[in-house]
Structures are given as structure tokens and as C-alpha cells.
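Asker: from the sequence below, what's the structure:
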Amino acid sequence: MDHITFYPQGDRAITINFGNEIQKDLHQKITIFTKHLETDPFPGMLEVIPSFTAVTIFYDPTKVELPTPNQTPYEQIVKIVKSKLFTLPLSNSQKSKTVTIPVCYGGEYGLDLQAVANYHQLSEQQVIHIHSNQEYIVYMIGFAPGFPYLGGMAKEIVTPRKATPRLKIPAGSVGIGGEQTGVYPIESPGGWQIIGRTPLQLFQKNSKQPSLLKAGDVVRFQPITPQRFTSMEVFE
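Answerer: Purely as a prediction, here's the structure:
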């Protein structure tokens, strides 16, 4: 546990840093730790937010149980977290949820597909085949509500972000940004290379669980035709 560091985020949050590099094994530890906290929260804990290499815990300092009056809520939480890390399960007992996301690639739905293909001297169909034949892990949700940062993309289609970001990217757009791929859940600006679009709604603010995906989920992309996209969009 020597490589794990702790630091406060104001007086109502603590960040536990597990490392400095994005790695699958590191992400698995973060996922196990997050689920361990969610199933066995300590008094005063409000929310747990995992990221690529760290976990941030938000808490109510007035509800943290202090064994001595001289101890601060932060100091007590560090002790609690260290104790939980020592008792952390070696493997995740909960099976990851797999979500299949239909995508209409290219054309009006994927304005940068040809550019990505040209960058790698591939055909559009080769890019689609490579992108849709991988299994991706949701490393974190961020940037915009419900936006999944997905790891596991094939190196053959790793593509730099656009030099000039677009001011408006439609909701559902599937993009490539460097070594990662992701889906824009809402209309927003962005600089990722847009290769397709899904009719699925990844974020519904009025839902009990607004985000379709969460850290630790597994994602697969399934190519669909424009006709299928239109019919699913109407159905949604």
C-alpha cells in the first residue's frame, strides 16, 4: 500500500491515488475498492467517484464518528480507508455489466470517419471493423454528464484529436480521441474525431440512474444501417 497516497479536497472530500498510469490492473483495483465502499459505507460517506487512477470520496464531516476529540474528520477517514484497503477483496465478486451500443458509422453520422481512415491508410470499412470488434472498459464518467471514457481501443486506429474542436457535436456521437473512444451523451462542443452515432440515450436526467454506463462496465459497439438508426431513433 506504499504507492497509494491520500490528500484532502477541501474539508468534505478525500482523494485516494492508486498510481500515475492508466492500466487495466489498476482500474480493476479502483473498481473493486469503489464497489467495496458502496456496499459497506462508513458513517458520513456521501458519494464515491472513481477516475482513471484515483477515487474521490465525498463526506459530511459533521457525521463522521471521531474516537477522540482531537482528531479531525479527514484524519479519521484516512484511517477508515486504510483499514478498508487492507480488507479489500482480491477479485470482484460482481460481474461487470456488458452493454451493446448500436452505431451508424460514417456519412452524416460520422463526419471524421474518412479522415481517420486516411490517417491510417485504411478503408472506412476497415476502421469500422476494428472499432466494432473490440471490447471496451468504462474507465470513468466525466467531461459531460454520462460521458464514458473507454479503454481498450486497438492501436491501429489511435488518432489525435482535431486541431480545432467543433462547437456543436450531436448527442450520441461516437468519437476517437487519442488512445480512447467515447460517446457524447448530450450535445456539446468537442475535439474528438467523430466516426459514428448511436440512437441510444446515454444520459437521461430524470431517470433514477441518469447515466446508462458507469465505471467498470464493458461496452461493445454494433454497426447498424442508416435505416436501422432512423427506426431506433423514432422508437426511442
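
Asker: so for this structure, the centremost residue is which one?
Answerer: With distances taken as CA atoms, centre = their mean, residue 140 lies nearest the centre of the chain, 2.5 Å away.

Asker: pairing partners for the one helix or strand that residue maps to, with directions?
Answerer: Per DSSP states H and E: residue 140 is located in strand 136-141. Within its sheet, strand 136-141 is paired with strand 148-151 (antiparallel), strand 218-223 (antiparallel), according to DSSP bridges.

Asker: what residues does it touch?
Answerer: With contact meaning CB atoms under 8 Å, 6 or more residues apart in numbering, strand 136-141 is reached by 22, 24, 27, 50-52, 96, 147-153, 181, 211, 213-221. Every C-beta, even on glycine, is put in place using the N, C-alpha and C of the backbone.

Asker: can you give me the mean pLDDT across it?
Answerer: Strand 136-141 carries an average pLDDT of 88.

Asker: what does stretch 176-183 give?
Answerer: Stretch 176-183 comes out at a mean pLDDT of 94.

Asker: measure it end to end?
Answerer: The separation between the terminal residues of stretch 176-183, taken as CA to CA, to the nearest Å, is 9 Å.

Asker: what about residue 99, neighbour count?
Answerer: Residues lying near residue 99 (other CB atoms under 10 Å) number 18.

Asker: so which strand or helix has it?
Answerer: strand 98-105.

Asker: other SSEs contacting the helix or strand that comes right after that strand?
Answerer: Sequence-wise, the next helix or strand downstream of strand 98-105 (DSSP H and E) is helix 113-120. Other elements packing on helix 113-120 under the criterion 3 or more CB pairs under 8 Å, 6 or more residues apart in numbering; DSSP states H and E are helix 124-132, strand 193-197.

Asker: give the rounded mean pLDDT of the longest helix seen in the chain.
Answerer: As assigned by DSSP state H, the longest helix anywhere in the chain is helix 24-39. Confidence over helix 24-39 (mean pLDDT, whole number) is 84.

Asker: could you tell me the angle between it and strand 136-141?
Answerer: 60 degrees (axes from the mean of the first three to the mean of the last three CA atoms, to 10 degrees).

Asker: which parts of the very next helix or strand once past helix 24-39 are buried?
Answerer: Counting by DSSP H and E, the next helix or strand C-terminal to helix 24-39 is strand 45-50. Within strand 45-50, the residues that count as buried by 16 or more other CB atoms under 10 Å are 45, 48-50.

Asker: secondary structure element for residue 228?
Answerer: For residue 228, the enclosing helix or strand under DSSP H and E is helix 226-235.

Asker: which other residues reach that helix?
Answerer: For helix 226-235, contacts defined as CB under 8 Å, 6+ apart pick out 102, 104, 107, 109, 197, 199-200, 224.

Asker: nearest to residue 118 among those residues?
Answerer: Residue 118 lies nearest to residue 107 out of the contacts of helix 226-235, by CB to CB, at 15.9 Å.

Asker: and the closest one, how close does it get to residue 59?
Answerer: Using CB to CB, to the nearest Å, residue 107 is found at 48 Å from residue 59.

Asker: the more surrounded of the two?
Answerer: Under the neighbour definition other CB under 10 Å, residue 107 and residue 59 were set side by side, and residue 59 has more, 24 against 14.

Asker: can I get the contacts of helix 226-235 in a markdown table with pLDDT?
Answerer: Listed next are the contacts of helix 226-235 as a markdown table, based on pLDDT from 0 to 100:
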| residue | pLDDT |
| --- | --- |
| 102 | 97 |
| 104 | 98 |
| 107 | 96 |
| 109 | 97 |
| 197 | 97 |
| 199 | 96 |
| 200 | 94 |
| 224 | 97 |
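
Asker: could you flag which of the residues you listed are buried?
Answerer: Among these, those scoring as buried are 102, 104, 109, 197, 199-200, 224 (criterion: 16+ other CB under 10 Å).
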